[in-house]
Every structure is written in structure tokens, then in C-alpha cells.
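Colleague: attaching a predicted model along with its sequence, questions to come.
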Amino acid sequence: MSFAISILEQGLIYGILALGVYITYKILDFPDLTVDGSFPLGAAITAMLITKGVSPYLTIPISFAIGVVAGICTGVIHVKLKVRDLLSGIIMMTALWTINLYIAGTANVPLFAQKTIFSLASENTLFAKMGTYITVVISLVVVVICKILLDLYLKTKSGFLLRAVGDNDVLVTSLAKDQGNIKILGLALSNGLVALAGCIFCQEERVFEISMGTGTIVIGLASVIIGTSLFKKASFMKATTAVIIGSIIYKLCVAVAIRNFSPQAMKLITAVLFLIVLIISGRKKTKANGMKA
Amino acid sequence: MIELQNIEKYYNPGTVNEMGLFHDFNFTVNDGDFVSVIGSNGSGKTSMLNLICGSIPLDSGKIIINGKDISKMKEYKRYYKIGRVYQNPSMGTCPTMTILENMSLADNKGKIYGLSKGSDKKRVTFYREQLSRLGLGLEDKMDNLVGQLSGGQRQAMALLMSTMTPIEFLILDEHTAALDPKTADIIMELTDEIVREKNLTTIMVTHNLRYAVDYGNRLVMMHEGKAIMDKNEQEKKETSIDDILDRFNQISIEVGN
């Protein structure tokens, strides 16, 4: 039972990440490696703020905002300085490593004694009754709120333009809109969500660790690809819901695989599973341009 | 009015492949003109459209729209006044969005794309009216993805979308070339209707000599970056397709093909 709960917790938190990666990868068709830096960025700022005594709730919007800034940087490097998409992400990912160290102060910040959104909730009588389910419930609430807000946004005029720019940037130019700025907006929103995921993850794990971001993009992409290809035919389900479920399925696969290996094999398993996902979804045939290079 | 003054345009400058396309090229399109532009491949037809819209940079010279020099203006800003339909039907629409969403997107051109609802329910009747004039039954498929439509249906939508908001100029870049003859006729007829109705100043590049002769009030033939034939409304009426073909053959002989 605790095995299932822990998978749900992780899957839901990484579901927020998947929503962010969905924006860049599926909507913008932009393989954004910034997430390897913006996920721990959210965690670093959260750890720093919480140790300074700032309310854990406040860390959520702050993490989102700082993730937005990271996304804008990647966007500006790509759009204004004309650096290729993959390289723009790699530059920001590398730069953020140092920035995360500066923000957190050290490579490792434990939060065992501090209050988190989870510990605060357990003091609340309403939530306290849930006992071991409390983390799952709170993660679910956060991811559902993010999903609903994203769904609503994608139905606005601005959201329409964002969807159009990944699809057909010529059309966006014809509509007298600067397609570059729309791409920057998309990257900003995406990295905002990714940093928010880092914020929640850090509070759940009660630790910030500088290398926690390594491989985040793989988890995000795997979740998005599993979700969207598994539920491709299910037209009743929104893609945003599908990627969250994709995240849970991916976490389940990793957890099952890791039971039979030592924890050191974690990254290898992650990578191999991602490869399997790619092959099964047959994406090589259907989409030739995405992640090559 | 669109004026091109002393246009210079070289491709691959400074390399062995350097190719001068326009040299001291001058061209004026008056308000209300519907210019048909013909010419062989590489004659500079599409390059001229791209220069006007800002899709490719100018080496020197001026592009003036309504008396204002727009040579340095960014491409997307020029489209406030210009509508453009491309040869490829998928360039004018978004395949992963529905017909309604595409229409709403185009309907908002020139306004702010903010956080208000993407599709205005009150405009749906207007969209359906617009779509019904195409006679393709699209008005009953508002929630279908545009990606599921045929090339002709998409091009018809692209034409509607590009002329939906108040614009002054319409740029048609071989917009019937990828369509079957019957659909091409429908699209061409619709184009003419829209141009008259909205009084758009239009430049149409086409390889279809019949369209070039039958539509518009001015006929231009381009060759090696020059307008080697420029017939006004009266002269155009007296021109037959054979006359144009003769001229084409003449050029080919001069070039040595």
C-alpha cells in the first residue's frame, strides 16, 4: 500500500512537471532542456525561503515566478539571439546549476525541522484525518488546480495564439503578431510550471539537492509521450489530463523496475524506459523533426 | 498604394553562387488595382511579394506603402494592412485547431490577444455565414479539426481568414496552384468576389494564364527581375492567352532554352 501511495505522490508532483513539458514539447514543438535547471531552481528558491522562515504557501507563487524568468531567458536566447532551440536550453540548464547553488547557498539543504505545505496541512483538522494519504491529496489538489488553469488559459485568445505558433508560425505572423514573443511566453509558462513542480517536490522530500534536476527532461518527456500516445484515441480526455496520468504510469514503471535493481541503476532504468516509450509510441515515424540533433 | 523604388536584391552575396535578381527595380501598384503577375520560375515574382511583406530582407531601395517608407518595418507589423494567401494550403490555417477556433483567431487580427475567451459565441453566426458562401458545407463542421479538411477546403478557409478583418492589400502567392482545376476555379471566383466587395488592392502571382487574363485590371509579366510586360485594363482586354504564350516563347529563345 505504501508502495502505491509513494508512486501516486511522485507521479502527481511530476504531473505538474509534465504539464510544463507538454507546453513546450507538444504545443510549441520545442525540446526545452531548461527544465533540468528550472526544476531544481524551484526547489532551491523554496528551500532558501523556507529556511528563512517564509510561509511555505508563498513559495509556490514565488517558484512559479522565478521559473517564468528562467523560461524568458531561454526564449530570449533562442528568439532574439537566434541560438538553436536545443542549445538555448542547454545554455540555460548549465547556467542555472550555478544560480541554484547561489540561491540555496550549498549543494544540500535539508528541511526536516521546517514547516512545509504538507506539515502545515497535517496540523489542519480537516486534512489531519487523512493520515498517510495527506501528501497524495495535497499533491492532487495542486496538480488539478494547475491543470484547470492551464486548460482555461489554452481556451483564451492568448492561448489560441500559443497553440497556433507551434502549429503554424507563418499564420501567427500573418495575424500581425510577433511569433518570437509568443514562443517566449510559452517557454515562460512552461518553466514556471516546472519550477512549481520543483517547489512541491522539495517540500515533499524535505530536501534540496543540487543534482536533483538531472534527467528531469527525460521524466517530463516520457510522461508527456506516454500520456498523449496512450490516450490518443480517447477524445473525451484532455491532453493535460493524459500527461498527468502518463506521469503516474511512468513513475510506476520506474518503481517496479528499480525494485529488482540497486538504487544506483536509477538513471539507467530511467533512460532505458524512456527509450522503450519512444519506440512503442512509434514517434520516429510520425514526427521526424522534434528531438533529433 | 504600394511603391517599390530602386530595389536591389542579391541572393548569396559574396559567394560563387551570387545571383543578382533585382537591379534598380521599380514598380507601383495603385489603390484598387488587381494586378496579375505571371512569369517563369526564378523571374522574381514570389521574391517581389516576399520583399513587400518583409519575409526576405532588402539589399537597398525603398518599399513605400501609402506614402510611408516601410523598408525597415518588421514583417509581422506589415500584416496589419496586408492579408496573404500562400500556395501551400496548410500555411493559412492551424491543423490542430477546430474550424471555429481558426475563424476566431483570424477574426481577432489587429486586436489584443489577451485572456478573454478565445471564441466569441456571438460571432458564431457570422462565421457560419462566411463559411456557407464557400458552398463546401464547412459551416456545419465548426468543431472539426482543420487538419481533417482537404487542401481545397483549407485554402478556401485561408482566403476567408486572411480577408476577414479590415485590410487594404491582398497578396496572393500562387494560391490556386496546389488545387485541382475545379476547386481552383471556385477559389479564384471567390477571390474575385472578396476583392471587389472589400475593394482590396491585390497582387496575384499565378502560373495560370487564363486566370491572369480573366481576372484583375492589370497584367504584368516578370522576367529576370524586370517587368517586361505591363498591360493596363484596356490593353489587357485585347490580350489573349496566345499573345502571352508567344511572349513566353520569345523569352525562352532569348535565354536559349
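Modeller: Ah, there it is.

Colleague: what residues sit buried inside stretch B:148-167?
Modeller: Going by neighbour count (16 or more other Cβ atoms under 10 Å in any protein chain shown), the buried part of stretch B:148-167 is B:149, B:152-165, B:167. For glycine as for every other residue, the C-beta is placed from the backbone atoms N, C-alpha and C.

Colleague: and stretch B:210-223, by the same measure?
Modeller: Those would be B:211-213, B:215-223, for stretch B:210-223 by 16+ other Cβ under 10 Å.

Colleague: what's that stretch in contact with?
Modeller: For stretch B:210-223, contacts defined as Cβ atoms under 8 Å, 6 or more residues apart in numbering or on different chains pick out B:33-40, B:43-45, B:48, B:176, B:188, B:191-192, B:202, B:204, B:206, B:227-233, B:235-236, B:239-241, B:244, B:247-248, B:251.

Colleague: at 6 Å what do you get?
Modeller: Applying Cβ atoms under 6 Å, 6 or more residues apart in numbering or on different chains, the contact partners of stretch B:210-223 are B:33-39, B:43-45, B:188, B:192, B:206, B:227-233, B:236, B:241, B:251.

Colleague: which of those are buried?
Modeller: B:33-39, B:43-45, B:188, B:192, B:206, B:227, B:229, B:231, B:236, B:251.

Colleague: just the pLDDT for the residue nearest to the spatial centre of chain B.
Modeller: Most central in chain B under Cα atoms, centre = their mean is residue B:172, positioned 1.5 Å from the mean C-alpha point. On the pLDDT scale, residue B:172 is placed at 96.

Colleague: helix/strand/coil for it?
Modeller: strand (DSSP: H, G, I helix; E, B strand; the rest coil).

Colleague: and the next helix or strand past the helix or strand hosting residue A:228?
Modeller: Element membership of residue A:228, judged by DSSP states H and E, is helix A:216-230. Next along the chain after helix A:216-230, taking DSSP H and E as the criterion, comes helix A:239-259.

Colleague: tell me the buried residues in that following helix?
Modeller: Burial within helix A:239-259, assessed by neighbour count using 16+ other Cβ under 10 Å, is assigned to A:239-255, A:257.

Colleague: quick one: list the elements packing against the one helix or strand residue A:78 maps to.
Modeller: Using DSSP H and E, residue A:78 maps to helix A:56-79. If you count contacts as 3 or more Cβ pairs under 6 Å, 6 or more residues apart in numbering or on different chains; DSSP states H and E, helix A:56-79 packs onto helix A:35-51, helix A:85-104, helix A:179-205.

Colleague: now with 10 Å, please.
Modeller: helix A:35-51, helix A:85-104, helix A:117-123, helix A:134-154, helix A:179-205 (3 or more Cβ pairs under 10 Å, 6 or more residues apart in numbering or on different chains; DSSP states H and E).

Colleague: deepest in the core, which of these is it.
Modeller: helix A:35-51 (a mean of 29; mean count of other Cβ atoms under 10 Å in any protein chain shown).

Colleague: report the angle between it and helix A:56-79.
Modeller: Relative orientation of helix A:35-51 versus helix A:56-79 (axes from the mean of the first three to the mean of the last three Cα atoms, to 10 degrees): 150 degrees.

Colleague: just how off-centre is helix A:35-51 within its chain?
Modeller: Helix A:35-51 sits 13 Å away from the centroid of its parent chain (Cα atoms, centre = their mean, to the nearest Å).

Colleague: pull the number of nearby residues for the spatially closest residue to residue B:73 that is not a sequence neighbour.
Modeller: Closest residue to residue B:73 apart from its sequence neighbours, by Cβ to Cβ, 6 or more residues apart in numbering or on different chains: residue B:54 at 6.5 Å. Residue B:54: 21 surrounding residues under other Cβ atoms under 10 Å in any protein chain shown.

Colleague: surely residue A:73 is in contact with residue A:79?
Modeller: No. Between residue A:73 and residue A:79 there is no contact under Cβ atoms under 10 Å: 11.1 Å.

Colleague: since that was my last question, I'll sign off now.
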